[in-house]
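[1] Provide a 3D model corresponding to the input given below.
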Amino acid sequence: MSTAIAFDTYAYVRRLRDAGVDEAQAAIQADTLVTLVEDRLATKQDVADLKRDIALIEANLKRDIKEMDVRIVNVESNLKKDIAILNGKIEITKAELRKDIETAKVDIIKWVVVTGIAILGGVAALIRFAPTGPAYYQPPTQEMRQMAPVPVPSPALPTPSAPTH
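    Got it, this is the predicted structure:
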């Protein structure tokens with residue numbers, strides 16, 4: 001705090017003494033009150049200095065906010081440009097992918113057709129040049145047979161005898 005507050009300690013001590021307070025005690029109270037007022041209370045000059053400091057801080061903050069607004073606008077502008085560029089690249093990539101897919105489709109169709117023709121040609125060649133008719137047929141040279149089993153005589157079974165009565 002820059003300036004001291006004007007306080008008439010003599011008048012204060014006199015009033016306390018006239019009220020019945022011991023003069024030594026009144027002097028201690030006056031001294032304590034002066035110290036308290038000077039240390040704790042703000043003067044008009046202190047308030048004016050504080051207002052000036054707050055105004056300066058406010059002006060600096062407003063300037064900083066304006067600068068940040070300009071930076072934000074620049075960042076937004078740059079982001080919009082970057083997004084437009086990326087969208088263009090994405091469209092180009094999509095077009096290239098469509099072209100590659102169409103080329104792959106054509107190649108697959110070519111391979112399927114060529115493979116199908118090759119398979120059909122191979123089957124036709126097998127049919128055309130396959131030997132047919134009796135000239136290709138060979139009868140078995142000799143049939144091998146096992147001998148028929150010889151019946152084994154069974155032991156004689158007793159024949160039932162005629163009943164006797």
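[2] so where's the protein uncertain?
    In the predicted model of the chain, residues 1-5, 130-144, 154-165 satisfy pLDDT under 70.
[3] biggest helix in it by residues?
    helix 44-129 (DSSP state H).
[4] tell me how far that helix is from the chain's mean position?
    Here helix 44-129 shows a centroid-to-chain-centroid distance of 17 Å under the convention CA atoms, centre = their mean, to the nearest Å.
[5] residues near Y12, how many?
    Close neighbours of Y12, defined as other CB atoms under 10 Å, add up to 17. For glycine as for every other residue, the C-beta is placed from the backbone atoms N, C-alpha and C.
[6] give the buried residues for the helix or strand containing it.
    Secondary-structure element containing Y12, defined by DSSP states H and E: helix 9-18. Going by neighbour count (16 or more other CB atoms under 10 Å), the buried part of helix 9-18 is Y12, V13, L16.
[7] against which helices or strands is that helix packed?
    Applying 3 or more CB pairs under 8 Å, 6 or more residues apart in numbering; DSSP states H and E, one finds that helix 9-18 contacts helix 23-40.
[8] buried set for the helix it packs on?
    For helix 23-40, the neighbour count (16+ other CB under 10 Å) marks A26, A27, A30 as buried.
[9] test my guess that the last one contacts V13.
    Yep, that's A30 we're talking about. Yes. Between A30 and V13 there is a contact under CB atoms under 8 Å: 5.1 Å.
[10] on that earlier part again, out of the buried residues of helix 23-40, who's nearest N60?
    Distance to N60 across the buried residues of helix 23-40 (CB to CB) is lowest for A30, with 43.5 Å.
[11] list the contacts for that closest one?
    T9, Y12, V13, L16 (CB atoms under 8 Å, 6 or more residues apart in numbering).
[12] SS state for V21?
    Here V21 is coil, with the state taken from DSSP: H, G, I helix; E, B strand; the rest coil.
[13] chain neighbours aside, what residue packs nearest to it?
    Spatial nearest neighbour of V21, chain neighbours left out: Q29 (7.6 Å); criterion: CB to CB, 6 or more residues apart in numbering.
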